[in-house]
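Chemist: With the input below, show me the fold.
(chains A and B)
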Amino acid sequence: MKTVEEIKAAIEAAAPGAVVEVVHNPGPSAEHSLRIDREHAVAVATFLRDDAELALDYLSNLTGVDWLDKEIAEKVKVTHQVTKTVEGVEQTVEETVEETRKHVVPGYLETVYHLYSMAKKHGPVVIRMRTVNRSDQVEMPSLTPVWRAAEFQEREVFDLYGIVFKGHPDLRRILMWDEFKDHPMRRDYVDPDDYEYEPTAHDEVLARAKAHQAATPQEGAGQ
Amino acid sequence: MTPSTGEIAMSLARQEGWNRPPVVKPGGEGELLELAMGPHHPSTHGVFRMDVALDGERVIRLKPVFGYLHRNHEKIGEKTTYLSSMPYTDRLDYFCSMTNNWAYALAVEKLSGQGVPERAEYLRVILAELTRVQNHASTIGFLLQEMGASGTPLMYAFREREKILDLFESLSGSRMMCNYMRFGGCRVDASPAWLDGARKVVAGLPEFVDEFDRFLRTNEILMARTQGMGVLRPELAVNAGVTGPMLRASGVSYDLRKVDRYGIYDRFKFRVPLGDHGDIYDRYMVRMLEMRESIAILEQALKDVPGGPVMDPKAKLRNFRPKAGEAYGRIEGPKGELGFYLISDGGPNPYRYRVRPPSLINLTILEDMCLGQNVADVVLIFGSVDIVLGEVDR
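Modeler: Sure, this is the predicted structure:
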């Protein structure tokens, strides 16, 4: 089977303009993956499925991953021009100071696809895609028209991660109920307080139950 | 060629958006009956619903509805350590806890580069094949139950299943929630007496399969109700990611025990049974033949179980922190390809813990198989997929 670099070259030859990047996997499994861009995703996927040599006709696993905003602290050497009074004479001296600079790498949502070939019995080829961010630009092309196996799995990723798959025939929640608002598999998801929780002799729970009873009018109260 | 009722309904439903049912009966006057089969229908094997639209007796639309048993298994897996997830994998497909354990152990071993001692590999194969036999026997029993053969075939299957579950219990302490495998081997060693007991059970299995098969194979009702019913074309099966006996009944030779050769499956001689027509009868036959092949593997494996440890002495279970990276481990479970996808960031918990459930993905083509069929046959088609809701909903 071809290596990821060879597959990258094949994709770039078959789908002009496609941006493909090799993502190195440092673990012992050494399953390296290819990150493809959203605009050419359907063309790339169709090529991977239909290419005679690769023949990746089977999409085994499709899943989402949530990568949060990351704050990176870097130590940077900065040279300032400082005016100093040395022995009564004003001089401009260059002084190098080490400063810590923080910058935030924006988070994103990612989908991972594990492709195999049933015809050639090889694999896996791992491809991945990213959304722009994890708040408002969470759209991604659906690969259900290429592999029907994506149908329920994309619905699941939409349900649990909130990635919107454009071109999916029936994008609805699959595991959570329709009225549910949040996406529970996101890393920053906070469980709602469970008010039906039976109060136990536990300070935190008792305090929470009291606060809830104070905040909500009780049935039969005020009669 | 004129399109069938099912195809027309399908295109109508797609045009209208699947949320709204087609209100006009295709090609004629009259009304459609919308029916919710489940979640408490006995044929749904648990809590599962099929919203069907019926034109008389014929199904023209079918939407599966999941989630009644959803407890976000994957989130819980990300919040606990690698080891703590192991007993929880038993609860996925509670018929096949041994293969669930193996799939998860395989994924973690791939993630951390952990090896497994030979004796543990043998025990894993023995337990996985015993699991496959009892799962297939029960599935066929349930299928017959839904056909109206109340109880008898199911009890024949359960009689044999109990013998296998007794073996599991004496080895792991639990009949169904075995929690037996670990990354780097198995939890406890099998005694010589246990191996003798296993040999005795396996020696009785061919007789059971012969008897089971003799009663059922040429049964008139079984043949009339399953042949040519719920046909799944191989191209669609491959494209829809169908795996396991479902896929092989459609004639696609893809068995991970042969393709991936995980564990020590390359040491055993066995065949991969394939179907011709992809109907319910072929699925039944493939399961029956797979039981025979599993018995062949069991006989070979039980003949020469090597000595030695069942756990790699260097394997780390407590305070286990695999290096950053990711791995996808998959095995041929009795229901299809069961995979675990793990991402490690070097911490004690997996950053991402994903279960690839064969039961859920095999249901993708349920509507395609049921369109145009009678509503009574939907129960059989659904039963032939062989799902467990603990795994579908996770």
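Chemist: who touches A:V104 in this structure?
Modeler: Residues near A:V104 by C-beta atoms under 8 Å, 6 or more residues apart in numbering or on different chains: A:D69, A:K70, A:E71, A:I72. Every C-beta, even on glycine, is put in place using the N, C-alpha and C of the backbone.
Chemist: quick one: secondary structure of the residue of chain A found nearest chain B?
Modeler: The minimum distance from chain A to chain B, using C-beta to the nearest C-beta, falls at A:G27 (1.8 Å). With DSSP: H, G, I helix; E, B strand; the rest coil as the basis, A:G27 sits in coil.
Chemist: Could you report the neighbour count for it?
Modeler: 20 (other C-beta atoms under 10 Å in any protein chain shown).
Chemist: Looking at strand pairing, list the partners for the spatially most central residue of chain A.
Modeler: Geometric centre of chain A, nearest residue: A:L109, 2.1 Å, by C-alpha atoms, centre = their mean. Counting by DSSP bridges, A:L109 is bridged to A:D66.
Chemist: if I pick it, what's in contact with it?
Modeler: A:G64, A:V65, A:D66, A:W67, A:R130, A:T131, A:R134, A:V138, A:Y161, A:G162, A:I163.
Chemist: Kindly recompute the last result at 10 Å.
Modeler: Shown in contact with A:L109 (C-beta atoms under 10 Å, 6 or more residues apart in numbering or on different chains): A:64-67, A:129-135, A:137-138, A:140, A:157, A:161-163, A:183, A:186.
Chemist: Just the buried residues from those, in ChimeraX please.
Modeler: Listed next is the ChimeraX selection for buried residues among the contacts of A:L109, using 16 or more other C-beta atoms under 10 Å in any protein chain shown:
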select /A:64,65,66,67,129,130,131,134,138,140,157,161,162,163,183,186
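Chemist: Restricted to strands, list the contacts of A:L109.
Modeler: Applying DSSP state E to the contacts of A:L109, the entries found in strands are A:G64, A:V65, A:D66, A:W67, A:M129, A:R130, A:M140.
Chemist: Once you drop chain neighbours, what's closest to the fourth one?
Modeler: Spatially, and ignoring its direct neighbours in sequence, A:W67 is nearest to A:G107 (5.0 Å; C-beta to C-beta, 6 or more residues apart in numbering or on different chains).
Chemist: residue contacts, the one you found?
Modeler: Neighbour list for A:G107: A:D66, A:W67, A:L68, A:D69, A:K70, A:T131, A:N133, A:R134, A:S135, A:R186, A:R187, A:D188 [criterion: C-beta under 10 Å, 6+ apart].
Chemist: Phi and psi next, for the last one.
Modeler: Comment: the main-chain dihedrals of A:D188 come out as phi -100, psi 20, following degrees, to the nearest 10.
Chemist: Return the residues in contact with the nearest residue to it once chain neighbours are set aside.
Modeler: Computed as C-beta to C-beta, 6+ apart, the closest residue to A:D188 that is not its neighbour in sequence is A:L68, at 6.4 Å. Residues in contact with A:L68 (C-beta under 10 Å, 6+ apart) are A:V105, A:P106, A:G107, A:Y108, A:R134, A:R186, A:R187, A:D188.
Chemist: One more: B:P350?
Modeler: Contacts of B:P350 were listed using C-beta under 10 Å, 6+ apart, and they are B:74, B:77-82, B:85, B:107-108, B:111, B:322, B:326, B:340-344.
Chemist: For the contacts of A:V104, could you give me a markdown table that also reports distance to B:R271 and pLDDT?
Modeler: Output for the contacts of A:V104, formatted as a markdown table (distance: C-beta to C-beta, whole Å; pLDDT from 0 to 100):
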| residue | distance to B:R271 | pLDDT |
| --- | --- | --- |
| A:D69 | 54 | 83 |
| A:K70 | 52 | 82 |
| A:E71 | 57 | 80 |
| A:I72 | 56 | 80 |
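Chemist: List of residues touching whichever strand or helix holds B:R225?
Modeler: Following DSSP states H and E, one finds B:R225 within helix B:220-226. Contacting residues not belonging to helix B:220-226 are listed as B:140, B:143-144, B:146-149, B:153, B:215-217, B:219, B:279-285, B:376-377, B:380-381, B:384 [C-beta under 10 Å, 6+ apart].
Chemist: what's the distance between it and the middle of its chain?
Modeler: 24 Å (C-alpha atoms, centre = their mean, to the nearest Å).
Chemist: and the next element down the chain from it?
Modeler: Per DSSP H and E, the first helix or strand lying C-terminal to helix B:220-226 is helix B:234-239.
Chemist: which sections of chain A are below the confidence cut-off?
Modeler: Applying pLDDT under 70 to chain A picks out residues A:193-201, A:217-223.
Chemist: hey, where'd the helices end up in it?
Modeler: Ranges of helices in chain A, per DSSP state H, are A:4-14, A:41-50, A:150-161, A:203-215.
Chemist: For stretch B:174-187, list every residue counted as buried.
Modeler: Within stretch B:174-187, the residues scored as buried using 16+ other C-beta under 10 Å are B:R175, B:M177, B:C178, B:N179, B:Y180, B:M181, B:R182, B:F183, B:G184, B:G185, B:C186, B:R187.
Chemist: got it, and stretch A:13-20?
Modeler: In terms of neighbour count (16+ other C-beta under 10 Å), stretch A:13-20 has its buried residues at A:A15, A:A18, A:V20.
Chemist: List the contacts of it.
Modeler: Stretch A:13-20 is contacted from outside by A:4, A:7-12, A:34-48, A:50-51, A:127, using C-beta under 10 Å, 6+ apart.
Chemist: For chain A, what is the nearest residue in chain B?
Modeler: Closest to chain A within chain B is B:G325: 1.8 Å, counting by C-beta to the nearest C-beta.
Chemist: Determine how far stretch B:57-70 lies from the middle of the whole chain.
Modeler: With C-alpha atoms, centre = their mean as the basis, stretch B:57-70 stands 19 Å off its chain's centre.
Chemist: Over to stretch A:156-168?
Modeler: 12 Å.
Chemist: what distance separates the start and the end of it?
Modeler: The stretch stretch A:156-168 measures 12 Å between its terminal residues, going by C-alpha to C-alpha, to the nearest Å.
Chemist: what about that stretch, near chain B?
Modeler: Yes: with C-beta under 10 Å from any C-beta of the partner chain as the criterion, chain B is reached by stretch A:156-168 at A:E156, A:D159, A:L160.
Chemist: how close does the second one get to B:V355?
Modeler: Using C-beta to C-beta, to the nearest Å, A:D159 is found at 15 Å from B:V355.
Chemist: show me the contacts for A:T46.
Modeler: A:A14, A:A15, A:L143, A:P145, A:V146, A:W147.
Chemist: Columns distance to B:E31 on top of the residues you listed, output as TSV?
Modeler: Output for the contacts of A:T46, formatted as TSV (distance: C-beta to C-beta, whole Å):
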residue	distance to B:E31
A:A14	51
A:A15	49
A:L143	37
A:P145	33
A:V146	37
A:W147	37
